[in-house]
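Undergrad: task: produce atomic coordinates for the following.
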Amino acid sequence: MRRWSGHLSDDKRRANSALLITCFTLIDGLAMGIYGTLFNLLLKSVGFSTSAVGRITSNSLWGSALLGLFFGFLSDKVDKRAILVFTHFLGVFFGTYRVLSSSMVALNVSSFFFGGFSAATAMVMSTLLVLKTERDERSKYFGLNFGIGMLTGTVGNFVGGFLGELFGLKLSVLLSSLVRLFALIPVFKLNLADRDVSHRTEENVKQVRTTVPANVRKVVIYYFLSTISVGFGAGLFVSFGNIIFHDLFNFKPSLIGTILSLAQLATGLGAIFSHRLGKRFGEMRVLIMSYVVVPIMIVFLSFTREPIVFSAVYVLRFAVMNMVSPLLSSTVFSQVPTSILASVNGLNNFLNNVSRALSAELFAFFTQYNSGYTLIFLVSSIFYFVNAFVMLRLLKNVRS
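TA: A predicted model of the protein is given here:
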């Protein structure tokens with residue numbers, strides 16, 4: 001009876017930890033939804049060109065790549081709560097500072113650190129979610145956390161568009177940045193002592209390299225390749241959805257926020273129930289179906305300029321692609337030894353943001369031409385087709 005009681009207590013602690021992580025996502029996601037919707041529009045409103053916005057975004061992604069990689073390896077060795085508090089505070093600071101910056105140099109530097117510290121926080125939180133859940137429940141909690149993130153982004157996008165028109169873009173962005181500080185409340189309540197087994201030496205990492213089965217190593221490699229291909233494809237336009245709708249259709253901030261909200265709402269609802277689709281049809285089958293359909297829709301975006309049709313396809317593509325992200329994370333991370341989990345997560349974050357940073361530079365280049373957005377979507381679709389092929393190879397090694 002005592003052993004059974006202890007088992008229930010462990011399950012309760014793990015569930016409580018997962019819910020606290022989700023609470024962080026809830027608060028931070030809502031604030032970042034407002035911030036992300038309005039910041040690029042704020043830059044456009046004060047006279048920055050679309051190409052300049054692309055380069056500022058690229059610097060933010062370079063920060064995410066480099067600092068995220070550093071903190072990914074560091075979190076294998078030091079207290080994760082200290083890293084979370086440190087990176088989150090600095091992410092909020094630089095996110096606020098760049099709103100007040102007017103020079104291109106200050107914007108690029110502050111964006112680099114904003115992206116870096118924000119990505120480091122998100123990376124450590126996703127690592128903790130793996131460490132605090134069991135394999136049979138992991139896809140559910142990943143789906144819940146990802147879905148809550150998308151749903152709060154939905155509210156943030158919707159509210160942000162109207163706040164920007166009611167109170168001005170600058171004040172709305174500043175307030176949303178400062179609200180992120182409240183996300184630290186659940187972090188201080190999080191128990192990081194139990195099951196946090198990622199503190200290992202380099203000798204253990206070397207041992208893992210020799211003991212991990214070959215198919216698992218291939219899964220990780222294909223996971224990295226998928227991250228790179230999707231990073232290049234998504235980096236060409238996903239970070240610039242608000243700018244795209246502004247440039248192509250001259251939509252108001254409230255309408256742009258509504259469209260982005262619908263995209264995240266559909267994604268959030270899909271992500272919350274994605275584990276059920278995975279159990280019914282197989283996680284990798286659902287992933288493959290998503291990754292094959294998405295590039296076809298991106299090709300369609302290359303040529304249609306009818307506002308309603310374009311918006312509908314944009315929302316559908318966003319939802320289909322992103323609702324399955326929890327399934328991919330759960331499938332891959334469940335096969336990665338916990339002793340190198342944070343390092344693998346950090347390297348994956350690095351590859352994702354490097355590819356997106358390079359793509360942001362391509363976005364800045366392509367938008368100089370009249371047919372820029374047609375080229376952007378066509379090139380993006382090629383990378384997504386490559387990702388579909390990579391996922392087929394990953395599926396083969398998961399099954400073996």
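Undergrad: so which elements touch the helix or strand containing Arg217?
TA: Using DSSP states H and E, Arg217 maps to helix 214-235. For helix 214-235, the helices and strands in contact under the criterion 3 or more Cβ pairs under 8 Å, 6 or more residues apart in numbering; DSSP states H and E are helix 325-333, helix 341-366, helix 372-399. Where you see a C-beta, it was placed from the backbone N, CA and C, and this is true even at glycine.
Undergrad: C-terminal to it, what's the next element?
TA: Downstream of helix 214-235, the first helix or strand assigned by DSSP H and E is helix 241-249.
Undergrad: CA atoms of whichever helix or strand comes after that next one as PDB?
TA: Sequence order places helix 253-272 as the next helix or strand after helix 241-249, per DSSP H and E. This file holds the C-alpha atoms of helix 253-272, laid out as PDB (Å, rounded to 0.1, in the frame of the first residue of the first chain):
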ATOM      1  CA  PRO A 253      -3.900  45.800 -37.600                       C
ATOM      2  CA  SER A 254      -7.200  44.600 -36.100                       C
ATOM      3  CA  LEU A 255      -7.900  42.500 -39.200                       C
ATOM      4  CA  ILE A 256      -4.400  41.100 -39.400                       C
ATOM      5  CA  GLY A 257      -4.600  40.200 -35.700                       C
ATOM      6  CA  THR A 258      -7.900  38.400 -36.300                       C
ATOM      7  CA  ILE A 259      -6.500  36.400 -39.200                       C
ATOM      8  CA  LEU A 260      -3.400  35.400 -37.200                       C
ATOM      9  CA  SER A 261      -5.700  34.600 -34.300                       C
ATOM     10  CA  LEU A 262      -7.800  32.200 -36.400                       C
ATOM     11  CA  ALA A 263      -4.600  30.500 -37.500                       C
ATOM     12  CA  GLN A 264      -3.400  30.000 -33.900                       C
ATOM     13  CA  LEU A 265      -6.900  29.000 -32.700                       C
ATOM     14  CA  ALA A 266      -7.200  26.200 -35.300                       C
ATOM     15  CA  THR A 267      -3.600  25.100 -34.400                       C
ATOM     16  CA  GLY A 268      -4.200  25.200 -30.700                       C
ATOM     17  CA  LEU A 269      -7.400  23.100 -30.900                       C
ATOM     18  CA  GLY A 270      -5.700  20.600 -33.200                       C
ATOM     19  CA  ALA A 271      -2.600  20.400 -31.000                       C
ATOM     20  CA  ILE A 272      -4.600  19.700 -27.800                       C
END
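Undergrad: give me the neighbour count for Ala214.
TA: 9 (other Cβ atoms under 10 Å).
Undergrad: quick one: closest of the helices and strands packed on helix 214-235 to Leu316.
TA: helix 372-399 (14.2 Å; Cβ to Cβ).
Undergrad: who are the packing partners of that closest one?
TA: Secondary elements touching helix 372-399 (3+ Cβ pairs under 8 Å, 6+ apart): helix 214-235, helix 241-249, helix 283-303, helix 341-366.
Undergrad: follow-up on the earlier one: list the contacts of the helix holding Arg217.
TA: Helix 214-235 is contacted from outside by 61, 295, 298, 321, 328, 332, 335-336, 344, 347-348, 351-360, 362-363, 380-384, 386-387, 390-391, 393-394, 397-398, 400, using Cβ atoms under 8 Å, 6 or more residues apart in numbering.
Undergrad: of all the helices and strands packed on helix 214-235, which one comes closest to Leu175?
TA: Smallest distance to Leu175 across these (Cβ to Cβ): 26.4 Å, for helix 341-366.
Undergrad: report the contact partners of Glu148.
TA: Residue 148: Ile, not Glu. Thr22, Thr25, Leu26, Gly29, Gly268, Ile272.
Undergrad: now pLDDT, distance to Glu165 and neighbour count too, for those residues, in JSON lines please.
TA: Shown next, in JSON lines, are the contacts of Ile148 (pLDDT from 0 to 100; distance: Cβ to Cβ, whole Å; neighbours: other Cβ atoms under 10 Å):
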{"residue": "Thr22", "pLDDT": "81", "distance to Glu165": "31", "neighbour count": "20"}
{"residue": "Thr25", "pLDDT": "83", "distance to Glu165": "27", "neighbour count": "27"}
{"residue": "Leu26", "pLDDT": "86", "distance to Glu165": "25", "neighbour count": "18"}
{"residue": "Gly29", "pLDDT": "86", "distance to Glu165": "22", "neighbour count": "27"}
{"residue": "Gly268", "pLDDT": "71", "distance to Glu165": "24", "neighbour count": "24"}
{"residue": "Ile272", "pLDDT": "69", "distance to Glu165": "30", "neighbour count": "20"}
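Undergrad: just name the closest of these to Ser177, please.
TA: If you rank these by distance to Ser177 using Cβ to Cβ, Gly29 comes first, at 13.7 Å.
Undergrad: how about the CA coordinates for stretch 73-82, as PDB?
TA: Output of stretch 73-82 as PDB, limited to C-alpha atoms (Å, rounded to 0.1, in the frame of the first residue of the first chain):
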ATOM      1  CA  PHE A  73      24.500  22.900 -23.100                       C
ATOM      2  CA  LEU A  74      24.800  25.000 -19.900                       C
ATOM      3  CA  SER A  75      21.500  23.700 -18.600                       C
ATOM      4  CA  ASP A  76      22.900  20.100 -18.600                       C
ATOM      5  CA  LYS A  77      25.300  21.200 -15.900                       C
ATOM      6  CA  VAL A  78      23.700  24.000 -13.700                       C
ATOM      7  CA  ASP A  79      20.400  24.700 -12.000                       C
ATOM      8  CA  LYS A  80      17.600  25.100 -14.500                       C
ATOM      9  CA  ARG A  81      15.500  27.400 -12.400                       C
ATOM     10  CA  ALA A  82      18.400  29.900 -12.200                       C
END
